[in-house]
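Student: fold the stuff below for me.
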Amino acid sequence: MIDVIGWDVGGVHLKAARAHDGRIVRVAQLASPLRGGLERLTAAFGEARTLIGRADHHVVTMTGELADTFASRPEGVESLAALAARELNDAPVLLYAGPAGLVRPQDARTHAAEIASANWHVCAGLVAHTCASALFIDMGSTTTDVVPIVGGKVVARGYTDAQRLAAGELVYTGLVRGFVMATADRAPVAGAWTTLVNENFATMADVHRILQSLPDGADLMATADGRDKTVAASRARLARMVGADDADLDDVAMLALARWFAEAQLRAIVDAAMLVASATALPTDAPVVGAGIGSGVVAEVSRRLQRACVAFNDLIDVAPEAGVGAAHCAPAAALALLAPRLIADANNQLQSTEI
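Tutor: Have a look, this model is predicted:
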């Protein structure tokens, strides 16, 4: 029996999944915004370890190196690797470096390019082990990954964030933290196109809260104005995006406004999926594999693409009570499940080097 915890260190969330003998049994997600420094992340590691239990191995992937807390991404990778090694001191710690496999925390800077924002790669790699061909779409709080898999291989054109943005494989829209002003530049109000106010008055969490499409526990961050996470407060925030107050828009108009922004977000992901599919030999019957807190949006994307939709957690061995969490924290879960194989590869490589 072996217990492995996969960790996904993001810019605003810390996610962890524990696999016991190849089965995901526990998942945790905590808010840990890096913009204010590393203190909250340090505390989140301690809280997560209490929630998730013991491990024989810790394996870490990250996207948090992009936070402007760090002067550069290599600095971010090195800093987060050192923090993880310090806080996860009850078992060996290794970092996921994509095609380079697993590396030690002290070697993080040398492999910074492979480690940085590689959480999508481990997820797609796991999907490729179970689906010969698929379009993997993981919609999180901030971004959406769109990754093609053909012939049991990840055939993404990009690896770094810059490459993936250019290829349409990384879409900067998320279910919670996506800025409304970045989702569309205008909206239909009372029969006229209204230019949006370019202020962060509302996020997509407000849109999905109004539409009642926000999963429980998905929104862990503070609201744009620091006020309540209620439908009424979300309506007030969204109305400001079109220069209005909540009282200026009746229920029908407010619902229509929220639907407009949700549709604009959906179209951005559909457009990216079509672009990605057009660059590969993706079979027409290849399903969409959906993951992330935006799995509901991904299901609608698959419908519009006329492809079957398979839930990420249906592809893995996971305890029923951890199924939703595993889907929401797919990179951490994938890493925990792939870790034994990756650790064996790393040990074999080390032995070959020593010989």
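
Student: can you pull the contacts of Ala108?
Tutor: Val77, Glu78, Ala81, Ala82, Leu95, Ile115 (C-beta atoms under 8 Å, 6 or more residues apart in numbering). All C-beta atoms are positioned from the backbone trio N, CA, C, and that covers glycine.

Student: export these to JSON lines and tack on pLDDT, distance to Val180 and secondary structure?
Tutor: Listed next are those as JSON lines, based on pLDDT from 0 to 100; distance: C-beta to C-beta, whole Å; DSSP: H, G, I helix; E, B strand; the rest coil:
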{"residue": "Val77", "pLDDT": "98", "distance to Val180": "31", "secondary structure": "helix"}
{"residue": "Glu78", "pLDDT": "97", "distance to Val180": "35", "secondary structure": "helix"}
{"residue": "Ala81", "pLDDT": "98", "distance to Val180": "35", "secondary structure": "helix"}
{"residue": "Ala82", "pLDDT": "98", "distance to Val180": "36", "secondary structure": "helix"}
{"residue": "Leu95", "pLDDT": "98", "distance to Val180": "35", "secondary structure": "strand"}
{"residue": "Ile115", "pLDDT": "98", "distance to Val180": "32", "secondary structure": "helix"}
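
Student: which of these sit farthest apart?
Tutor: By the measure C-beta to C-beta, Ala82 and Ile115 form the most distant pair in the contacts of Ala108, at 12.5 Å.

Student: the two: which has the busier surroundings?
Tutor: Between Ala82 and Ile115, counting by other C-beta atoms under 10 Å, Ile115 is the more crowded of the two (28 against 15).

Student: touching, the more buried one and Tyr96? I think so.
Tutor: Yes - Ile115 is in contact with Tyr96 according to C-beta atoms under 8 Å; the separation is 7.0 Å.

Student: so what sits against both of the two?
Tutor: With C-beta under 8 Å, 6+ apart as the test, Ile115 and Tyr96 both reach Thr61.

Student: I'd like to know how many residues surround the residue nearest to Leu83 when sequence neighbours are not counted.
Tutor: Excluding the flanking residues, the one nearest Leu83 by C-beta to C-beta, 6 or more residues apart in numbering is Leu38, at 6.1 Å. Residues lying near Leu38 (other C-beta under 10 Å) number 17.

Student: same question for the one 4 residues further on.
Tutor: If you count neighbours by other C-beta under 10 Å, Thr42 ends up with 13.

Student: same question for Asp225.
Tutor: Residues lying near Asp225 (other C-beta under 10 Å) number 14.

Student: next one: it from Ala100, what distance?
Tutor: Asp225 sits 43 Å away from Ala100, going by C-beta to C-beta, to the nearest Å.

Student: select the longest helix from the protein.
Tutor: In the chain, assigned by DSSP state H, the helix with the most residues is helix 251-278.

Student: what stretches of the chain score poorly on pLDDT?
Tutor: For the chain, the stretches with pLDDT under 70 are 1, 347-355.

Student: now the helices for it?
Tutor: Under DSSP H, the chain gives helices at 39-52, 73-87, 112-115, 119-130, 161-167, 180-183, 204-210, 231-240, 251-278, 295-305, 323-328, 330-354.

Student: just these: most buried one?
Tutor: helix 204-210 (a mean of 26; mean count of other C-beta atoms under 10 Å).

Student: please tell me how far the residue nearest the centre of the chain sits from Arg341.
Tutor: Nearest residue to the geometric centre of the chain (C-alpha atoms, centre = their mean): Gly140, 3.9 Å. As judged by C-beta to C-beta, Gly140 and Arg341 stand 25 Å apart.

Student: next: Arg307.
Tutor: Arg307 sits 29 Å away from Arg341, going by C-beta to C-beta.

Student: rewinding a little: contact partners for the residue nearest to Leu83?
Tutor: Applying C-beta under 8 Å, 6+ apart, the residues contacting Leu38 are Thr69, Ser79, Leu83.

Student: same check on Gly37?
Tutor: Counting by C-beta under 8 Å, 6+ apart, Gly37 touches Thr69.

Student: let me see the backbone angles for it.
Tutor: The phi and psi values for Gly37, taken as degrees, to the nearest 10, are phi 120, psi -170.

Student: if we can go back for a sec, could you check how far the residue nearest to Leu83 is from Gly11?
Tutor: The spacing between Leu38 and Gly11, counted by C-beta to C-beta, is 12 Å.

Student: Ala244: what's it in contact with?
Tutor: Counting by C-beta under 8 Å, 6+ apart, Ala244 touches Val189.
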